[in-house]
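>>> what follows is a predicted structure for the sequence shown.
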Amino acid sequence: MRSFILSVLFFCSVTFSAFSGTDQISMRRCLLLPVLDSLDGAISYSIFENVENYLKDSSWCYYRSNSEIIDILKNYKKNIHVHLRNKEVLKLVAEKSNAGSLIRVDVKTGVGGSEVSMDIIGPNGEDVYFKEKETLKSDDVIVIAQTIKNWLVNYEKRIPYDGKVIGVLGNQFTIDTGNLYGIQEGDVVDIFRQKGKKRHPLLNEIVEWEMEQVAKAKIFHARKSISQGKVSEYASKKRLRIGDWIIHRKEMRRTKDDAGAQGVSYPDRMGHEFGKLGTVGVFFSVGTGSISISDNEVLTRKMGGALVGALLDLEVWATRNYWAGLSVRKLFGSFKKKEGTFSNEKSSVDTGVYRVKAGYRYLPIGFFYGPRVDAFIGYAKYSYGPDASPGDGVTAASFKGLMLGAQGNMPLVRDIRVFLEMDFLITSKYTEDKVVHGEDDSSTNYHVEIGGNYTLNPTMTFESALGYISNKAKFKSPTKEYSFKDTSFRVGVIFSF
C-alpha cells in the first residue's frame with residue numbers, strides 16, 4: 001500500500017508540476033493536510049474546514065485547495081498517521097500541490113480536554129519550520145481551530161521574505177506576490193539570496209536563515225498576485241536569479257512619478273529576521289536608595305540619595321516553555337544623612353545585583369506571543385557597598401541565597417505588552433565585609449517590578465520598568481535591624497537572537 005500511494009503521488013507530480021525543485025516553492029504557498037484526530041475523523045473535518053477558510057482569507061498565505069491530493073490521502077485514512085510522517089510522501093505532496101508550507105495538525109481528545117499539536121513541514125519533507133503543542137481544557141471544535149489559527153499567525157512572522165523571484169530578464173524580474181499582499185507600484189524592495197539555514201539544537205526546527213543581499217529595486221507594475229520590478233542598484237557582482245527572496249519595505253514606498261529608487265540607502269536591518277534562541281537586554285537605570293538602622297524597632301539613623309547605573313539581562317530559550325536567565329545590575333551614588341546622628345554624614349555607595357534563574361513558561365492560549373505566566377527558581381546576590389563607618393553602624397554587606405519568583409506578561413494591543421514580576425530569597429544569608437553587627441538572627445528579601453515594552457520589529461524591543469528591592473537583617477542581642485532599600489527606573493532595548 002505504501003508503494004502504491006508513492007506511485008500515485010509521483011504520477012501526479014510529474015503530470016502537474018510546473019517548477020524545477022522544492023527550493024523554488026515559496027513558504028507563502030501553504031497546504032493544510034488532512035487533520036488527524038483520535039475519534040476516527042469525528043471532529044477532524046470540522047476543524048479542517050474552519051482552518052482552511054481562515055487560510056483562504058489570509059493575507060500571508062496563497063492557499064489553493066487541492067482536493068485531488070487530499071482525496072488520495074483520505075483513501076488511506078487507516079494509515080494516514082504513518083503516511084503523513086513519511087518524508088517521500090510529504091515531498092511529493094508539496095510538488096503536486098506546489099506548496100512550500102505543509103500544515104500538519106493532530107488532535108487527541110480525552111476526558112475533560114484535548115491535546116492539539118501542529119507542525120509545518122518544508123517542501124523537502126523534512127525541514128520543520130514551526131512546531132507547537134498545547135493541552136486544552138476543551139474539545140470544542142471552535143476552540144481547537146482558534147488555537148491553530150493563533151499558531152498560524154505566529155508562523156507568519158517567521159517567514160523570512162514577502163515573495164520570491166519567479167522570472168528574470170536582464171535587470172527586470174517578476175515576483176509571485178502583488179496587490180493582495182500589499183505590493184504596490186512604486187514600492188522599493190530588497191532582494192536577498194539564501195545561503196543556508198540553521199536548526200535549533202534541541203527542537204530540530206529551522207531557527208535562522210543565512211542570506212546575503214543581492215540588490216535593491218523598484219516595483220513598476222503590480223497585479224493581484226504577481227508583480228514586476230527593475231533593479232536600481234546591485235550590492236555586489238552577483239546578479240538576480242530565480243528563487244531570490246523579496247523583502248518589502250513599506251516605509252520606503254515611492255510614488256509612480258518618481259524617476260527611480262536611486263538614493264534610497266540599504267536598510268540597516270532585515271525586517272524579517274527574528275529571535276529564536278533568546279534575548280539580551282541593555283538598560284540604563286536611575287533611582288534612589290537608603291540605608292537604615294533601627295534599635296528596638298525604632299528608626300535611629302538613616303542615609304539616602306540618588307543611584308545611577310546599568311543593567312544587563314539575558315534570557316535563553318531551551319524550548320518554548322523552558323528557559324534560563326542571567327541578570328547583572330550595578331548602581332553608583334552618594335548618600336547623605338536623612339535622620340539621626342552620623343559621624344560621617346556623607347557616603348559614596350555602590351550596589352550590585354546578580355541573579356541566575358531557570359523557569360517554566362505557561363502559555364494560557366498556546367500562543368508564544370500571547371499571555372504568559374512564568375514561574376522560576378534560581379540564585380541571587382544583592383550587595384551594598386557604602387563607606388564603612390563602624391561607629392555609625394554602617395558597613396558593606398550582602399544578601400544571597402535561593403530565589404523563588406513568578407512573572408505575568410500579557411499584550412495590551414499589538415506590539416505593546418505589560419508585565420509584573422515578584423520574587424524573594426527563600427534561604428537568605430547575610431554577611432558583612434567588616435564585622436560591625438555580627439551574625440544575624442534572620443534576614444529577608446523581596447523584589448517587585450512592573451513595566452511594559454514596545455516591539456519595534458522582530459529583533460528589537462524597547463522596555464521600561466519600575467522596580468523596588470528590600471533587604472533586611474535582624475539581630476536579637478541587642479535587638480536591632482540593618483536594612484537596605486532602593487527604587488529604580490530602567491529603560492533600554494532588548495535584542496532577539
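That came through fine. Numbers count the residues shown, from 1 in each chain.

>>> just grab the bridge partners of residue 446 for me.
Beta bridges link residue 446 to residue 424, residue 470 when assigned by DSSP bridges.

>>> then the one 4 residues further on?
Following DSSP bridges, residue 450 is listed with bridge partners residue 420, residue 466.

>>> count of neighbours near it?
13 (other Cβ atoms under 10 Å). To be clear about C-beta, it is placed using only N, CA and C from the backbone, and glycine gets the same treatment.

>>> am I right that it is in contact with residue 468?
No: applying Cβ atoms under 8 Å, one finds residue 450 not in contact with residue 468, separated by 9.2 Å.

>>> show me where the stretch 201-350 of the chain has its strands.
For the stretch 201-350 of the chain, the strands defined by DSSP state E, counting those that start in this stretch occupy 206-222, 227-234, 245-249, 278-295, 298-317, 322-339, 346-362.

>>> mind putting those strands in CSV, mean pLDDT and mean neighbour count included?
Formatted as CSV, the strands of the stretch 201-350 of the chain follow (pLDDT from 0 to 100; neighbours: other Cβ atoms under 10 Å):
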stretch, mean pLDDT, mean neighbour count
strand 206-222, 87, 19
strand 227-234, 92, 19
strand 245-249, 85, 22
strand 278-295, 93, 18
strand 298-317, 91, 17
strand 322-339, 93, 17
strand 346-362, 93, 17
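
>>> of all those strands, which lies closest to residue 155?
For these, proximity to residue 155 was assessed by Cβ to Cβ; strand 206-222 is nearest, at 11.6 Å.

>>> may I have the strands that pair with the closest one, each with its orientation?
Paired neighbours of strand 206-222 in the sheet (DSSP bridges): strand 188-199 (antiparallel), strand 227-234 (antiparallel).

>>> what's the spacing between the longest one and its chain's center?
Okay, so that is strand 188-199. Averaging C-alpha positions (Cα atoms, centre = their mean, to the nearest Å) puts strand 188-199 20 Å from its chain's average.

>>> what's the angle between it and strand 245-249?
130 degrees (axes from the mean of the first three to the mean of the last three Cα atoms, to 10 degrees).

>>> follow-up on the earlier one: would you turn the strands of the stretch 201-350 of the chain into CSV with distance to residue 48?
CSV is the format used below for those (distance: least, Cβ to Cβ, whole Å):
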stretch, distance to residue 48
strand 206-222, 25
strand 227-234, 32
strand 245-249, 30
strand 278-295, 35
strand 298-317, 31
strand 322-339, 32
strand 346-362, 28
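
>>> looking at these, spot the one closest to residue 442.
It is, among those and with distance given as Cβ to Cβ, strand 278-295, at 14.1 Å.

>>> by contact count, what packs against that closest one?
strand 298-317, strand 322-339, strand 346-362, strand 460-476, strand 479-496 (3 or more Cβ pairs under 8 Å, 6 or more residues apart in numbering; DSSP states H and E).

>>> quick one: contacts of the following helix or strand past the third one?
What it means is strand 346-362. Proceeding C-terminally, strand 346-362 gives way to strand 372-384 as the next helix or strand, assigned by DSSP states H and E. Applying Cβ atoms under 8 Å, 6 or more residues apart in numbering, the contact partners of strand 372-384 are 291, 323, 325, 349, 351-364, 396-410, 423, 425, 445, 469, 471, 484.

>>> one step back: quick one, which of the helices and strands packed on strand 278-295 is nearest to residue 191?
Comparing those by Cβ to Cβ, strand 460-476 comes nearest, at 23.0 Å.

>>> report the buried residues of that closest one.
Burial within strand 460-476, assessed by neighbour count using 16 or more other Cβ atoms under 10 Å, is assigned to 461, 463, 465, 467, 469-475.

>>> quick check: phi and psi on the spatially closest residue to residue 174 that is not a sequence neighbour?
Here the nearest residue to residue 174 in space, its sequence neighbours aside, is residue 167; by Cβ to Cβ, 6 or more residues apart in numbering that works out to 3.8 Å. With angles defined as degrees, to the nearest 10, residue 167 sits at phi -160, psi 140.

>>> quick one: residue 167 and residue 99, what's the gap?
20 Å (Cβ to Cβ, to the nearest Å).

>>> which of those two has more neighbours?
Higher neighbour count among residue 167 and residue 99: residue 99, with 30 against 13, using other Cβ under 10 Å.

>>> next one: phi and psi at residue 80?
Given degrees, to the nearest 10, the pair of backbone angles that residue 80 has is phi -60, psi -30.

>>> how long is stretch 191-208 end to end?
For stretch 191-208, the first-to-last residue distance is 18 Å (Cα to Cα, to the nearest Å).

>>> just the buried residues of that stretch, please?
191-194, 200, 205-208.

>>> which one of the residues you listed sits closest to residue 217?
The nearest member of the buried residues of stretch 191-208 to residue 217, counting by Cβ to Cβ, is residue 191 at 6.1 Å.

>>> partners of the closest one in the sheet?
With DSSP bridges as the rule, residue 191 is bridged to residue 215, residue 246.

>>> how near is it to residue 240?
Counting by Cβ to Cβ - residue 191 and residue 240 are separated by 7 Å.

>>> swap in residue 285?
48 Å.

>>> go on, residue 130?
Distance of residue 130 to residue 240, given as Cβ to Cβ: 29 Å.

>>> over to residue 319?
39 Å.

>>> between those two, which one's more packed in?
residue 240 (22 against 12).

>>> for the more buried one, which non-adjacent residue is spatially closest?
residue 168 (4.8 Å).

>>> run through the residues that contact residue 422.
Here residue 422 is in contact with 405-407, 446-449 (criterion: Cβ under 8 Å, 6+ apart).

>>> what two of the residues you listed have the greatest distance between them?
Taking Cβ to Cβ, the two most distant members of the contacts of residue 422 are 407 and 446; they sit 14.1 Å apart.

>>> per-residue pLDDT of residue 78, please?
pLDDT for residue 78: 65.

>>> out of the contacts of residue 422, who's nearest residue 433?
residue 447 (22.3 Å).

>>> residue contacts, that closest one?
Counting by Cβ under 8 Å, 6+ apart, residue 447 makes contact with 405, 421-424, 467-470.

>>> would you list these in a markdown table and tack on distance to residue 105?
Formatted as a markdown table, the contacts of residue 447 follow (distance: Cβ to Cβ, whole Å):
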| residue | distance to residue 105 |
| --- | --- |
| 405 | 36 |
| 421 | 35 |
| 422 | 37 |
| 423 | 38 |
| 424 | 42 |
| 467 | 42 |
| 468 | 45 |
| 469 | 46 |
| 470 | 49 |
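
>>> from residue 141, how far off is the nearest residue to residue 138 once chain neighbours are set aside?
Distance criterion Cβ to Cβ, 6+ apart; nearest residue to residue 138, sequence neighbours excluded, is residue 113 at 6.3 Å. Going from residue 113 to residue 141 by Cβ to Cβ gives 14 Å.

>>> repeat for residue 460
Distance of residue 460 to residue 141, computed by Cβ to Cβ: 38 Å.

>>> give the contact list for the residue lying closest to residue 278 once chain neighbours are set aside.
Once flanking residues are discounted, residue 278 sits nearest to residue 316: 4.0 Å by Cβ to Cβ, 6+ apart. Under the criterion of Cβ under 8 Å, 6+ apart, the contact list for residue 316 reads 277-278, 323-325.

>>> contacts for stretch 192-203 next, please.
127-128, 131, 161, 205-214, 238, 241, 243-245, 247, 270, 276-277, 318-320.

>>> tell me the bridge partners for the residue nearest to residue 242 when sequence neighbours are not counted.
Excluding its sequence neighbours, the residue lying closest to residue 242 (Cβ to Cβ, 6+ apart) is residue 165, at 5.7 Å. On the basis of DSSP bridges, residue 165 is bridged to residue 175.

>>> ok, residue 103 next?
residue 32, residue 120.
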